[in-house]
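Chemist: Sequence plus predicted model, see below.
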Amino acid sequence: MQVRGLLLLLVLILVAATTQAGKNKKEKVKKEGSECEDWRWGPCVPNSKDCGLGYREGTCKEESKKLKCKIPCNWKKKFGADCKYKFESWGGCSAQTGVKTRSGILKKALYNAQCEEIVYVTKPCSSKIKSKSKGQSPPLLS
């Protein structure tokens, strides 16, 4: 009879300890929420060079946070990674300047970034002359 009571007491202690450990684990996993709603986010700062993984800092009243971010390495750095544009097709080549131009209209500004509504991009004209006779072989000589 005493052995049974001792075993029952041991089982109850084990269950209580396991339940307490589970509560502590859940408390650690729970993220701290912020009451602040007016966050101001800075630009994405890459960890090395001028593109790739990095972080952006945000502040709201007395609080500050860091978020992970990424700047694509083929991105137009002139406009920033937080300004997304929809670009039209390239225009014709200007004989005077030797460049082509196209414009982009702002599609989305992430993290309240200050973006221009319309941007213009230029690139040098191709010096290659494209031939229309692709895939044709020269005539055979007899």
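Modeler: Structure's in. What do you need? Numbering: from 1, shown residues only.

Chemist: The lowest-mean-pLDDT helix or strand in the chain: what's the following helix or strand?
Modeler: Every helix and strand of the chain was ranked by mean pLDDT, DSSP states H and E. The lowest is helix 2-29, at a mean of 60. Remark: after helix 2-29, the chain's next helix or strand is strand 40-41, criterion DSSP states H and E.

Chemist: Now tell me what touches that following strand from outside.
Modeler: Residues from elsewhere that reach strand 40-41 (CB atoms under 8 Å, 6 or more residues apart in numbering): 56-60, 67, 111-113. Every C-beta, even on glycine, is put in place using the N, C-alpha and C of the backbone.

Chemist: And those residues, which of them are buried?
Modeler: Among the contacts of strand 40-41, those buried by neighbour count (16 or more other CB atoms under 10 Å) are 56, 58, 111, 113.

Chemist: Farthest pair within those?
Modeler: Based on CB to CB, the longest span within those runs between G58 and A113 and measures 12.4 Å.

Chemist: quick one: L110 and K84 touch, right?
Modeler: Yes. Between L110 and K84 there is a contact under CB atoms under 8 Å: 7.2 Å.

Chemist: Quick one: the strands in this protein, in order.
Modeler: 40-41, 45-46, 52-60, 63-71, 83-87, 99-109, 118-124 (DSSP state E).

Chemist: That's all I had, so thanks and see you.
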